[in-house]
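[1] Here's my sequence, what's the structure:
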Amino acid sequence: MALLLDGADPGTVAEPQGVRRILVAFDGSPQTWTALQRAIDIAVANSALLTIVAVVPEPRIYSGVGPFMLPFSPATLRRDAEREILRLIAAARDEVPANVSVTTQILHGRPARALATLAKQGDYDVVVTGPRCSGRLRRLLAT
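    Next comes the predicted model:
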């Protein structure tokens, strides 16, 4: 199991050593920018591969509600959300120094579940998140 770090609280665990692969969850919030910076610091210190991942959640609004039709469809909402995530993840990638190997990935679905699945399958040593996802992700990684 990967070590899970709350990127916004660097005092919780000393910076890990001997890390090869780091996964950082990113959604563009101030907390995940902090998590990204912590993940970059760990990657630089360990010459580790950094993967920045963002999850596009499924839209929760339906196109028709009673006799009224909304001016957008779930497909439009999904496309707009993915476009915004692509913009944010590109900005995050631009923050990574040139001496750090970085990949990006976009997932779809429930963030904690999608991240847990990727973390388990990807052989990551460290997963860095903002504070919102840490508890749910920790539970899913433990199962």
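[2] who's in contact with T32?
    7, 24-26, 129-130 (Cβ atoms under 8 Å, 6 or more residues apart in numbering). Yep, even glycine has a C-beta here, placed from its N, CA and C like the rest.
[3] roughly how far apart are the nearest residue to V24 once chain neighbours are set aside and P59?
    Distance criterion Cβ to Cβ, 6 or more residues apart in numbering; nearest residue to V24, sequence neighbours excluded, is A39 at 3.8 Å. As for A39, its distance to P59 is 28 Å (criterion: Cβ to Cβ, to the nearest Å).
[4] Of those two, which one has the most company?
    A direct count of neighbours by other Cβ atoms under 10 Å for A39 and P59 places A39 higher, at 31 against 17.
[5] show me where this protein has strands.
    3-6, 21-25, 49-56, 64-65, 68-69, 102-108, 126-129 (DSSP state E).
[6] mind putting those in CSV, distance to E84, mean pLDDT and mean neighbour count included?
    Formatted as CSV, the strands of the chain follow (distance: least, Cβ to Cβ, whole Å; pLDDT from 0 to 100; neighbours: other Cβ atoms under 10 Å):
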stretch, distance to E84, mean pLDDT, mean neighbour count
strand 3-6, 24, 76, 20
strand 21-25, 16, 94, 26
strand 49-56, 9, 95, 23
strand 64-65, 24, 52, 9
strand 68-69, 24, 55, 8
strand 102-108, 11, 95, 15
strand 126-129, 19, 90, 29
